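S.K.: based on what follows, work out the 3D shape:
(chains A and B)
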There are 2 protein chains.
Amino acid sequence: MMESNLKFFFEPKGVAIVGATPQANRGGNNLLINVTLGYKEAIYPVNPKYKEIMGIKTYPTVSAIDGVVDLALIFVPAAQTPGVLRECVAKGVKGAILENSGFAEVGPEGEALQNECNNIARKGELRLWGPNSMGLIDAGKGYVFSFMTPSLWDGLLKRGGVSLIVQSGLLSAGFLFTIMSHKTLGLAKVCSIGNKCDITEIDLLEFLLDDPDTKVIAFYLESFSNGRKFFELAKSSPKPFVLLKGGKSAAGAMASVSHTASLAGNYRVISGAIKQAGVLEADDFFEMMDIARVLEKGFGERENSFKAGRVAILTYSGASGIVTTDYLEKFGLDLAVLSPATIKRLEILSPAWMPVKNPVDYWPAMEKNGPVVAMKEGLSALYVDPNVDGVVINLFAGHGVWGFDLLELIDVIKDRKKPILSWIIGLKDNVENAKIRMEKSGWPVFDEIHRLVKVMSVLLQNR
Amino acid sequence: MMESNLKFFFEPKGVAIVGATPQANRGGNNLLINVTLGYKEAIYPVNPKYKEIMGIKTYPTVSAIDGVVDLALIFVPAAQTPGVLRECVAKGVKGAILENSGFAEVGPEGEALQNECNNIARKGELRLWGPNSMGLIDAGKGYVFSFMTPSLWDGLLKRGGVSLIVQSGLLSAGFLFTIMSHKTLGLAKVCSIGNKCDITEIDLLEFLLDDPDTKVIAFYLESFSNGRKFFELAKSSPKPFVLLKGGKSAAGAMASVSHTASLAGNYRVISGAIKQAGVLEADDFFEMMDIARVLEKGFGERENSFKAGRVAILTYSGASGIVTTDYLEKFGLDLAVLSPATIKRLEILSPAWMPVKNPVDYWPAMEKNGPVVAMKEGLSALYVDPNVDGVVINLFAGHGVWGFDLLELIDVIKDRKKPILSWIIGLKDNVENAKIRMEKSGWPVFDEIHRLVKVMSVLLQNR
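M.R.: Okay, the predicted model is just below:
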């Protein structure tokens, strides 16, 4: 693959903000603030009404700018867009991100306007991103080329390996705030692609596949711009793709037409292609993030040796072990048949009256030996069993005798060859704290058993 | 129905705590502390090693107690239990809660011990609760007849209308702490029934059906003691039943044998009966609580007029509206076809370029008129539409222009004839706060779209 030609979006030399305004809480003001927070090269606000905004020299038009401009971020009323784009072409701008709306998503008139923009750009060798988009974020560099409220994201951007391609403007923002404030998912690039009038998920995919920061790519898509190409890239990609497809139902597909002017396509046809290409499918937003954050931790890529789905459960509660077992069946996994050596080893700490089998109800052993000693030994015994492909831990996060550090426990595992996924229950704050600490060290923790088992099935079966 | 004969468990005159100990963090110490925190009548610790514990006169045996004892809470090694029960019979104790383990759940020897206990009790007209149980909690009275860690629950018990019957000891506690610290579910009685050697879910059901505090009954069961009776009660009950059945899969059923010595039964057979009896089925712990907390708010009982499943979606984001729509189909609900009058009304606030249809993407209207004005009007228009049986709201909980009070918005609805369920996204703390405030006023809020739609389907279809 040649070097991607979209570098000017991600590492622009000079950025114009067309529609910048000093009025607080307006998109054009948010956009300017956001860019200044992370981007350290030349910034050119454009608005004929002002000579300067936030102390930055402001230009009446793009062509009046006295410096190189690779990228224009556009937040003006839809009808003014063609004029702005003509200016951009004249100025030699390489890319424009249209963060305004009122185009193909609002009907035939808007569609005509969008086509007009497209024609101007194509002739002028200007690449268009959007419209109806929330822009671009690069968490690694700290670039926020987006109009989302600055006070909400500032200080929360957590750098990591998950890149997102999202075909929705507002949702990208709401969703991003959610992700960031949960503090469990690290982000590389976030691309809100809107109506995809020129730049599509395929263009961005090609860029992200070459991007060293991106380890996992997660998508919310309502339509495929080039399904064939998408699935080809998925098949050959060493980086996992996680897809939440909007418009699976007939009614949902209809709704997506007005949302991002997409044709959602027949989902049954697409669904087969998704599976064949090894794309991991999510059904809900948090599920998408849960799958992505676990894949980012590398379980999905190492060894590729655990293709079988034999799961051991180490639990403090019989009931949660049973419910976990029920979900294994639902998601096509098997309850591992523990090897005799493992049973023997587990029985050493378990009182004589407690028969050891999978799920391993280790509460009596924890009571007898202390939770840390018992769980450490239980976990390492299950982990090394050749009949076990993945381990589920069910634990209570408490204090007092229960106030042990889950990290201390899981620290017996050194090589991360098999996934170990934990479900913790207990007082909310304890659970949150344990979760954040565990995640920092690369151990995924879940709130709900069904989600844990779903992710385990993704790790053990699909990769 | 005669007055239930189990009143001595719930409103005992005199409580003995057999196995009480001054040693911190032991079950027998926790139990004593918990009882003293809420129960204001006579408390009798029993332990031959001490003359007093925590300043309370302590007795060597139950028969040595010099006062009336209705209820004995037992936390002694399993093998000592028959002796303690003989004492209880001699003393005329009416009920005993066995919170110790080592009975039928550990194999044939334990089963024999359990049978011995049962025989003693039956002959002596003593009712047995447990063993392998976490006891009984009455949030209304503040009674905690359980060994769970006192510092964890004290101050968190939230009184409400949901009673739980849980066939698992440890889980009941872990789960309870989770529920309490989430602050969204109000509890009436919590009954951890363990091995059900005598007192079963049926006995407790009969009590709870007559209990004025109980509005909804939620169950975690691994087996039915009397399936026929259970389903009869469910059919005739005006109070909804929410059931999480452990051991649905063959492997899960096997596991439940060692957990609570239960025969889980063939789930396919049971599943039909569950549906027929109108029992609402949950698949996971939080799902059970989500269904219960919504039913407690009364949507499920009023009118009984909304048997159809036509749902309107009012959203700030096209994408979340589409994903919600996809889930409607999955859960057997329909996207409502809005009446022309509703469309007309909604169009007044929506800009001309934005066509109004369901899902109602009202972001442009919010931007034009302010979020509160737009959402209030949008919500009331959808709510009164005769073609709409339930409303879903998708919103962003932010600050600045987004920092409006969801309660203010939903306050336009006065009669609560149709369910209105909200999915909120945004910064974690904002979401939590909005959720707790909304829940307090009886408006359910969800973290995930799939859960919201599942609960909507329960409300619109099953009742």
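S.K.: would you map the strands across the stretch 1-150 of chain A?
M.R.: Ranges of strands in the stretch 1-150 of chain A, per DSSP state E, counting those that start in this stretch, are A:15-18, A:43-46, A:52-53, A:56-57, A:71-74, A:95-98, A:127-129, A:135-138, A:143-145.
S.K.: so what touches the fourth one?
M.R.: Going back to what we said before, that points to strand A:56-57. Residues outside strand A:56-57 that contact it (CB atoms under 8 Å, 6 or more residues apart in numbering or on different chains): A:32, A:36, A:43-45, A:51. Every residue, glycine included, has its C-beta placed from N, CA and C.
S.K.: coming back round to it: switch the strands of the stretch 1-150 of chain A over to TSV; also include mean pLDDT, mean neighbour count and distance to B:Ile413.
M.R.: Conversion of the strands of the stretch 1-150 of chain A to TSV gives the following (pLDDT from 0 to 100; neighbours: other CB atoms under 10 Å in any protein chain shown; distance: least, CB to CB, whole Å):
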stretch	mean pLDDT	mean neighbour count	distance to B:Ile413
strand A:15-18	98	28	42
strand A:43-46	98	24	44
strand A:52-53	98	16	42
strand A:56-57	98	14	47
strand A:71-74	98	28	40
strand A:95-98	98	28	38
strand A:127-129	97	25	41
strand A:135-138	95	26	36
strand A:143-145	95	25	38
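S.K.: B:Ala292 is nearest to which of the ones you listed?
M.R.: Taking CB to CB, strand A:135-138 is the member of the strands of the stretch 1-150 of chain A nearest to B:Ala292, at 39.3 Å.
S.K.: the closest one pairs with which strands, parallel or anti?
M.R.: Sheet neighbours of strand A:135-138, with direction, are listed as strand A:143-145 (antiparallel), strand A:187-192 (antiparallel) (DSSP bridges).
S.K.: and that strand, how far out from the chain's middle?
M.R.: 13 Å (CA atoms, centre = their mean, to the nearest Å).
S.K.: what of stretch A:146-165?
M.R.: Stretch A:146-165 has its C-alpha centroid displaced from the chain centroid by 11 Å (CA atoms, centre = their mean).
S.K.: can you report how many residues neighbour A:Ile413?
M.R.: Burial measure for A:Ile413: 17 neighbouring residues, criterion other CB atoms under 10 Å in any protein chain shown.
S.K.: in space, what's closest to it - neighbours in sequence excluded?
M.R.: Distances taken as CB to CB, 6 or more residues apart in numbering or on different chains place A:Tyr383 nearest to A:Ile413, at 5.8 Å, with adjacent residues excluded.
S.K.: how about the contacts made by that neighbour?
M.R.: A:Tyr383 sits next to A:391, A:413, A:418, A:420 when contact means CB under 8 Å, 6+ apart.
S.K.: ok, and the most crowded of the residues you listed?
M.R.: A:Val391 leads those on contacts (other CB under 10 Å) with 25 neighbours.
S.K.: who does whatever helix or strand that one lives in touch, helix- and strand-wise?
M.R.: If you go by DSSP states H and E, A:Val391 is part of strand A:390-397. Under the contact definition 3 or more CB pairs under 8 Å, 6 or more residues apart in numbering or on different chains; DSSP states H and E, strand A:390-397 sits against strand A:310-315, helix A:318-330, helix A:371-384, helix A:406-410, strand A:420-426, helix A:428-440, helix A:449-457, helix B:169-182.
S.K.: rerun at 6 Å
M.R.: Contact here means 3 or more CB pairs under 6 Å, 6 or more residues apart in numbering or on different chains; DSSP states H and E; on that basis strand A:390-397 packs against strand A:310-315, strand A:420-426, helix A:428-440.
S.K.: tell me which of these sits most buried.
M.R.: Neighbour counts (mean count of other CB atoms under 10 Å in any protein chain shown) averaged over each of the helices and strands packed on strand A:390-397 peak at strand A:310-315, with a mean of 26.
S.K.: so which elements touch it?
M.R.: Under the contact definition 3+ CB pairs under 6 Å, 6+ apart, strand A:310-315 sits against helix A:318-330, helix A:371-384, strand A:390-397.
S.K.: buried sites along the longest one?
M.R.: Taking 16 or more other CB atoms under 10 Å in any protein chain shown as the basis for neighbour counts, the residues of helix A:371-384 that come out buried are A:371, A:374-379, A:381-383.
S.K.: excluding chain neighbours, what is closest to A:Asp203?
M.R.: Closest residue in space to A:Asp203, ignoring its immediate chain neighbours: A:Leu6 at 6.0 Å, by CB to CB, 6+ apart.
S.K.: distance check, that neighbour against B:Asn119.
M.R.: Separation of A:Leu6 from B:Asn119 (CB to CB, to the nearest Å): 79 Å.
S.K.: which one of the two has more residues nearby?
M.R.: Legend: neighbour count by other CB under 10 Å for A:Leu6 and B:Asn119, higher for A:Leu6 (19 against 12).
S.K.: re the thing from before, and of the contacts of strand A:56-57, the nearest to chain B?
M.R.: Closest approach to chain B among the contacts of strand A:56-57 (CB to the nearest CB): A:Leu32, at 15.9 Å.
S.K.: spatially nearest residue to that closest one, not counting backbone neighbours?
M.R.: A:Ala20 (4.5 Å).
S.K.: was I right to think that neighbour contacts A:Glu52?
M.R.: No - the criterion here is CB atoms under 6 Å, and A:Ala20 misses it with A:Glu52 at 10.3 Å.
S.K.: show me the contacts for the residue in the stretch 51-200 of chain A that chain B sits nearest to.
M.R.: Proximity of the stretch 51-200 of chain A to chain B (CB to the nearest CB) peaks at A:Ser168, 3.5 Å away. Going by CB atoms under 6 Å, 6 or more residues apart in numbering or on different chains, A:Ser168 touches B:Ala319.
S.K.: same thing but at 7 Å, please
M.R.: For A:Ser168, the contact set (CB atoms under 7 Å, 6 or more residues apart in numbering or on different chains) comprises A:220, A:260, B:317-319.
S.K.: which of those residues has the weakest pLDDT?
M.R.: Of all the contacts of A:Ser168, A:Thr260 carries the smallest pLDDT score, 64.
S.K.: and the closest residue to A:Leu31 other than its chain neighbours, its phi and psi?
M.R.: Spatial nearest neighbour of A:Leu31, excluding adjacent residues (CB to CB, 6+ apart): A:Phe147 at 4.5 Å. Main-chain dihedrals, A:Phe147, degrees, to the nearest 10: phi -90, psi 10.
S.K.: is it true that A:Phe147 touches A:Glu99?
M.R.: Yes - counting by CB atoms under 7 Å, A:Phe147 sits close enough to A:Glu99 to count as a contact (5.5 Å).
S.K.: between the two, which has more neighbouring residues?
M.R.: Neighbours per residue, other CB under 10 Å: of A:Phe147 and A:Glu99, the larger number sits with A:Glu99, 31 against 26.
S.K.: contact partners for the more buried one?
M.R.: A:27, A:31, A:73-75, A:130, A:133-135, A:147.
S.K.: is it fair to say A:Val162 lies in a strand?
M.R.: Yes - the assignment for A:Val162 by DSSP: H, G, I helix; E, B strand; the rest coil puts it in a strand.
S.K.: in TSV, list the helices and strands packed on strand A:390-397 along with distance to A:Ile179.
M.R.: Converted to TSV, the helices and strands packed on strand A:390-397 look like this (distance: least, CB to CB, whole Å):
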stretch	distance to A:Ile179
strand A:310-315	28
strand A:420-426	19
helix A:428-440	12
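S.K.: as CSV, the ones you listed with distance to B:Val242 and mean pLDDT would be great.
M.R.: Shown next, in CSV, are these (distance: least, CB to CB, whole Å; pLDDT from 0 to 100):
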stretch, distance to B:Val242, mean pLDDT
strand A:310-315, 23, 96
strand A:420-426, 18, 92
helix A:428-440, 22, 86
